[in-house]
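Participant: Give me a model of this one.
(2 chains)
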Amino acid sequence: MPHRINFITAEEFTDPIQAYGDVEFILDFEDAAQVLRLWRNPHLGRSSREGAVLSLAAKNAVAMENIVQKIMTTYLTAPEEERLLNELKILRFMGDRILPDVLERVNRNELQTLEEILKYIQDLLRNLKYEGSVDLDQLAEKLNQLQEIIDIEITDAFGRKKRISRESVMDLLGKILGRFLLKQISVAPIDEVQKRPRGTIRLRETYKSAILSSQNIPPTSVKQEDIIRVKKDRRSLVYLIVDMSQSMKKAVFEGKMSRLDGALLTSLSLYYYFKILNRRKRKRFDMFKLAVVPVRKNPTVVDDDSKMENYLLTADAKGKTYMVQAVQTAIDHAKKQRVDKDIDVYFTIVTDGMPNVPTFPYNYRKNEELQKYFSEIQTKTKPETIDCLIQLNGIFKHLKNDRTRNWNISYFLMGTESLRNKELFIHTKQMLKGITRPILIDPAQIKKLGEQILRESMMHA
Amino acid sequence: MLKTETEFDEIVRVYNLARDDFKALVGETPENYRALLFVNPDLHVSVNRVIEITGTPQAILTAEQITHLKSARINDFLPVGKETIYNSLPTLIYLSAPSYELNKEQEFTLRVMLIHAFAHAYMNEKTESNSPQILSRLYQIDTVLKELMTNNVFQLNKESSDGHAWAWQYFQDLIGVIRLFTEAGVEDFYIPPEIARKYTLFNNFSIEAINYLSERAKVSRKKHLHELIDEGFAHYVQAKGIEYLIKSGDYEFKKSVEDKEPKLPNELKSFLAPPIGEFSLAVIRRLETKVENEKELFSKLFNYKSDINLLEEFTWDEVKDLLAVNKNLHSEGVVEKWHSTRSRWTDIWSVYAYGWKIIDEYTRKVYRKKFSTFGQLQDEKPRIESKGYVKVDQKKVYVFEVNDYGIGIDQLVILHNHMALYRDDFKTILPAFADVIVFKKIGGIHVSTLFAVHKTKHQPLSPYNLPVVTRAVQVTKRKDAYKFDLDEESEDKVDVSNVDYTYLRKLTQPQRGAIAYLIKEGLFEL
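Facilitator: Coordinates of the predicted model:
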């Protein structure tokens, strides 16, 4: 038989141990809500935790088999051999002792947090100490694997699974949601500008003004005065004021999502939307900054990652609607920022009702017309709510007349179209007269909440 | 081309030397084999693992297996330089290419490895057993399946507008799981009817794949058990070869002072250390004492169809003796010879003892129960076994016992879908509503997993995207094992009074307890 030598490339002989379908992780909005819920409530993730124990055990067993083979067939240096023997012992101990116990405790719902699991394992380790011969430091390191047990398993739109640690849930969710939003809408559309030496030209606006000045479509010429440039280095502060009162608990959206879930997800996606946007812009400073102001008894401004995480984990729909106080907090916060004139402040208010706790002291001028309106009509609305509305109106009017900054206010009401005939809508509309108009958000459109808020408040402001 | 030829000149020279050696040792050379030298050693390890897990080098792994192996690779747990020979006809020899310029020690190593591999090839050419032919057929089938899968994933992705990101994994898992099913002969397994072929590409693919897999199962069951003879012959020739090479005086190895045995190159460990070589060589040597000359020995070995023929040359007491004596002999030398002095003897020996235990079990089964084919061995301890089903309000929950690491939670989806489709109206493989319970022993846990799928409102985007409940509980004899205090979820549970356990079979009491617990805990409305 003739002997031949052939050369085979890696393409012709692919590695059988390779991962397939490494595509971008795509999360549906409903799934995101599910993850958020799991994150907020560790009790719900038990099924996932049990699954985690199983996969850890299987991984362990396969690793043990391979180590046995390796010790028997591969020539090893002394330290390498020591490492493998140690690993083998540790894996055996995990598989035989730790994982069975952990599984049972997960069944019983006894182990929910990382601290609980680690403490429990430390107790187990004491037994092992007497048996000796295992490097305890290394074991402790190995046990970090068990963090997976309290991790959250997320499934994307295609059912691909990803296990993430609790610390990175917000970042992952935020990035996915933010990118999702970025694909739907861009506050400063990249393809609509043209970079020129004398500044960046906004194409659409320029075109529009050229049409107006030349009274022709298409415009006959673009004159110098038609050209509209991007305002340089203008900064925007966006305050998302989110209602956290009792009524937000209602499950209204598809998939049993409550208004609170929707509001939290929207806050997160907007927060990351601006974060990603800023990163893409590569400016010296952040052009946009979003802060969330939850409407609750002692409102605080959520403006960094750790505060955001805390807010997402602890937010709860309860109590009255302290809207006036939240708006005041936001104003104070905004006024403390750079006293630069080129700063725009956007107030985006998302609520499902009317404010009902007036504030004292109140130092703004009350609008007589609005007072007159409320005194003339027959209404079931409580007097403190009316007080609040009058106060809010006063604050907004004051902001509109403020020359130091540009204050933009948009007001979103969660509810269906039928709300238009209800007192809630009519009063709100009256209150916002001369400032802005209330925008209805359909609960079924929760996925588009973020998009709608951006479109209505930033683009058409 | 000229350049590469010069690069491999050294290897080709050693290869020709090894062929000459083999001719000198056995009298003839094998002609029907292929040797693949990997420049990338990782690829060699991968192929080795695939052969050991699935039986052939081209078989498709499930996503679960890939994940585990990848994690083992990252931790550097995978054995390197293991003997990787696929005993088909032509024999496939996989080796990691040593460096282009060989020093004396490397040359010796490669020469011994090649002699060993040629012995396998020679045996496969000469043997009366059906093992090489069947392994070739299995190789062919696996290659076809791989092509089939690749093409179908490609086509499916081409036809659909949104791209089926899941298709690759699903097809992989499908083939892996069904391979397991058919090999173990689980009769509850669903096979779509021929008419379903024309409706979708997917149906067509699954019918085609299942046909091939059932052929594969049928063929592989007939394969003669031939491993002892293969390894024995190869180790016999290899031992002769080492002696011959040392005698030739070309190579010099340091001798330790106490005994006169030379210290052989470290890279030969995988050919010299493992128990299988020790034992099979001892069996052949014992047989040698019973025959007149080597020629007769070889012709006897070639005539054996299955390991049982070889073992039956001896009485059971003799076999037991062979096992015990050689295990003791092995335990005396192997740790000092191949392992560092810093490791504890017990730690290392326990690993080898485990290897001996496997050989002991195998020999015992083959000798006592007169097993001659792979199918018989398989039936003794199937890797997957059906235990019937439980009926919960007209809904069937199928029960299995699995002894394989290829099935994880993702693969349960496939099990689930196929169980659900065990009915007349075959439409699509996607959402379906029968559930599975799987018993599995993983390390120290004997665990029972429920995999339940609830009704979906929307058409899911992929077979993995189903609202699932996975619950797991240990199977134990402890009395309080299934009495967990879980009052907080009581309102979620359905009334499960209507559970019918009569269709279950071959279960232990703790297993029944686990089933009852899982049904109570897991089958509530989402």
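Participant: Tell me which stretches of the stretch 351-500 of chain B form helices.
Facilitator: For the stretch 351-500 of chain B, the helices defined by DSSP state H, counting those that start in this stretch occupy B:374-380, B:409-420.
Participant: what would those look like in JSON lines with distance to A:A263?
Facilitator: No exception for glycine: its C-beta is placed from N, CA and C like everyone else's. Output for the helices of the stretch 351-500 of chain B, formatted as JSON lines (distance: least, C-beta to C-beta, whole Å):
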{"stretch": "helix B:374-380", "distance to A:A263": "58"}
{"stretch": "helix B:409-420", "distance to A:A263": "33"}
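Participant: Can you flag the weakest of those helices by average pLDDT?
Facilitator: Per-stretch averages of pLDDT across the helices of the stretch 351-500 of chain B put helix B:409-420 at the bottom, with a mean of 78.
Participant: Which secondary structure elements does the helix or strand hosting B:M123 sit against?
Facilitator: If you go by DSSP states H and E, B:M123 is part of helix B:104-126. Judged by 3 or more C-beta pairs under 8 Å, 6 or more residues apart in numbering or on different chains; DSSP states H and E, the packing partners of helix B:104-126 are helix B:9-26, strand B:33-38, strand B:91-96, helix B:131-159, helix B:227-248, helix B:269-272, helix B:294-303.
Participant: Give me the neighbour count for the closest residue to chain B within the stretch 351-461 of chain A.
Facilitator: Residue nearest to chain B within the stretch 351-461 of chain A: A:K447 (13.6 Å; C-beta to the nearest C-beta). A:K447 has 21 neighbours, counted by other C-beta atoms under 10 Å in any protein chain shown.
Participant: how's the chain carved up into domains?
Facilitator: Just going to use chain A. What automatic domain parsing lists as the domains of chain A is A:29-154, A:191-229, A:233-459.
Participant: you looked at the wrong chain, it should be chain B
Facilitator: If you go by automatic domain parsing, chain B breaks into B:2-39+B:97-129+B:225-375, B:384-522.
Participant: Show the pLDDT at residue 285.
Facilitator: Using chain A. pLDDT, read off for A:F285, is 59.
Participant: if you could check chain B rather than the one you did, that'd help
Facilitator: pLDDT at B:R285 comes out at 93.
Participant: Look up the closest residue to it, ignoring the ones flanking it.
Facilitator: B:Y236 (7.5 Å; C-beta to C-beta, 6 or more residues apart in numbering or on different chains).
Participant: Test my guess that the one you found contacts B:I284.
Facilitator: Yes: the pair B:Y236 / B:I284 is scored as a contact, 4.8 Å apart, by C-beta atoms under 8 Å.
Participant: follow-up on the earlier one: tell me which of the domains of chain A lies nearest to B:Y212.
Facilitator: domain A:29-154 (26.8 Å; C-beta to C-beta).
Participant: quick one: terminal-to-terminal distance for that closest one?
Facilitator: Terminal residues of domain A:29-154 lie 12 Å apart, using C-alpha to C-alpha, to the nearest Å.
Participant: State the mean pLDDT of it.
Facilitator: 75.
Participant: before we move on, what about stretch A:343-356?
Facilitator: Mean predicted confidence for stretch A:343-356 is 85.
Participant: what's the spacing between it and its chain's center?
Facilitator: Stretch A:343-356 has its C-alpha centroid displaced from the chain centroid by 19 Å (C-alpha atoms, centre = their mean, to the nearest Å).
Participant: Can you tell me the SS state at A:Y364?
Facilitator: coil (DSSP: H, G, I helix; E, B strand; the rest coil).
Participant: and it, how many residues sit next to it?
Facilitator: Around A:Y364 there are 16 residues (other C-beta under 10 Å).
Participant: What helix or strand is the closest residue to it other than its chain neighbours located in?
Facilitator: Nearest non-adjacent residue to A:Y364, counting by C-beta to C-beta, 6+ apart: A:G394, 3.9 Å away. Using DSSP H and E, the element containing A:G394 is helix A:383-401.
Participant: Just the C-alpha atoms of whatever helix or strand comes next after that helix, please, in PDB.
Facilitator: Following helix A:383-401 in sequence order, the next helix or strand is strand A:406-414 (DSSP H and E). Taking C-alpha atoms only, strand A:406-414 is exported to PDB below (Å, rounded to 0.1, in the frame of the first residue of the first chain):
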ATOM      1  CA  ASN A 406     -34.200  75.600  30.600                       C
ATOM      2  CA  TRP A 407     -36.800  73.600  32.500                       C
ATOM      3  CA  ASN A 408     -38.800  71.100  30.500                       C
ATOM      4  CA  ILE A 409     -41.700  69.300  32.000                       C
ATOM      5  CA  SER A 410     -43.500  66.300  30.700                       C
ATOM      6  CA  TYR A 411     -46.200  64.500  32.500                       C
ATOM      7  CA  PHE A 412     -47.200  60.900  31.800                       C
ATOM      8  CA  LEU A 413     -50.400  59.300  33.100                       C
ATOM      9  CA  MET A 414     -50.700  55.500  33.100                       C
END
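Participant: Strand partners (parallel or antiparallel) of strand A:406-414?
Facilitator: Sheet pairing here is set by DSSP bridges, and for strand A:406-414 it gives strand A:343-351 (parallel), strand A:438-441 (parallel).
Participant: give the contact list for B:F205.
Facilitator: Counting by C-beta atoms under 8 Å, 6 or more residues apart in numbering or on different chains, B:F205 makes contact with B:148-149, B:152, B:171.
Participant: With adjacent residues omitted, what lies nearest to the closest residue to chain A within the stretch 301-450 of chain B?
Facilitator: Closest residue of the stretch 301-450 of chain B to chain A, C-beta to the nearest C-beta: B:G443 (2.8 Å). Sequence neighbours aside, A:G95 is the residue nearest to B:G443 in space, at 2.8 Å (criterion: C-beta to C-beta, 6+ apart).
Participant: B:K506 now?
Facilitator: B:K387 (6.0 Å).
Participant: can I assume that neighbour is in contact with B:F400?
Facilitator: Yes: with contact defined as C-beta under 8 Å, B:K387 and B:F400 form a contacting pair (6.3 Å).
Participant: quick revisit: just the closest of the contacts of B:F205 to chain A, please.
Facilitator: B:F171 (9.4 Å).
Participant: Give me the pLDDT value at B:L92.
Facilitator: 94.
Participant: need the contact list for it.
Facilitator: B:33-34, B:36, B:57, B:85-86, B:139.
Participant: can you rerun that using 7 Å?
Facilitator: Contact analysis of B:L92 by C-beta atoms under 7 Å, 6 or more residues apart in numbering or on different chains lists B:34, B:36, B:57, B:86.
Participant: Enumerate the beta-bridge partners assigned to the second one.
Facilitator: Going by DSSP bridges, B:L36 is paired in beta bridges with B:Y94.
Participant: Please tell me how far B:H44 sits from B:Y94.
Facilitator: 6 Å (C-beta to C-beta, to the nearest Å).
Participant: Return every residue with contacts to both of these two.
Facilitator: B:38, B:84.
Participant: OK, contacts around residue 15?
Facilitator: Since no chain was named, I'll use chain A. A:D15 neighbours (C-beta under 7 Å, 6+ apart): B:43, B:46.
Participant: Wait, chain B was what I had in mind.
Facilitator: Counted by C-beta under 7 Å, 6+ apart, B:Y15 has contacts B:L114.
Participant: Any stretches of the stretch 101-250 of chain B with poor pLDDT?
Facilitator: B:160-165, B:187-190 (pLDDT under 70).
Participant: re the thing from before, mind putting the contacts of B:L92 in CSV, neighbour count included?
Facilitator: Putting these into CSV (neighbours: other C-beta atoms under 10 Å in any protein chain shown) gives the following:
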residue, neighbour count
B:R34, 14
B:L36, 18
B:P57, 22
B:Y86, 25
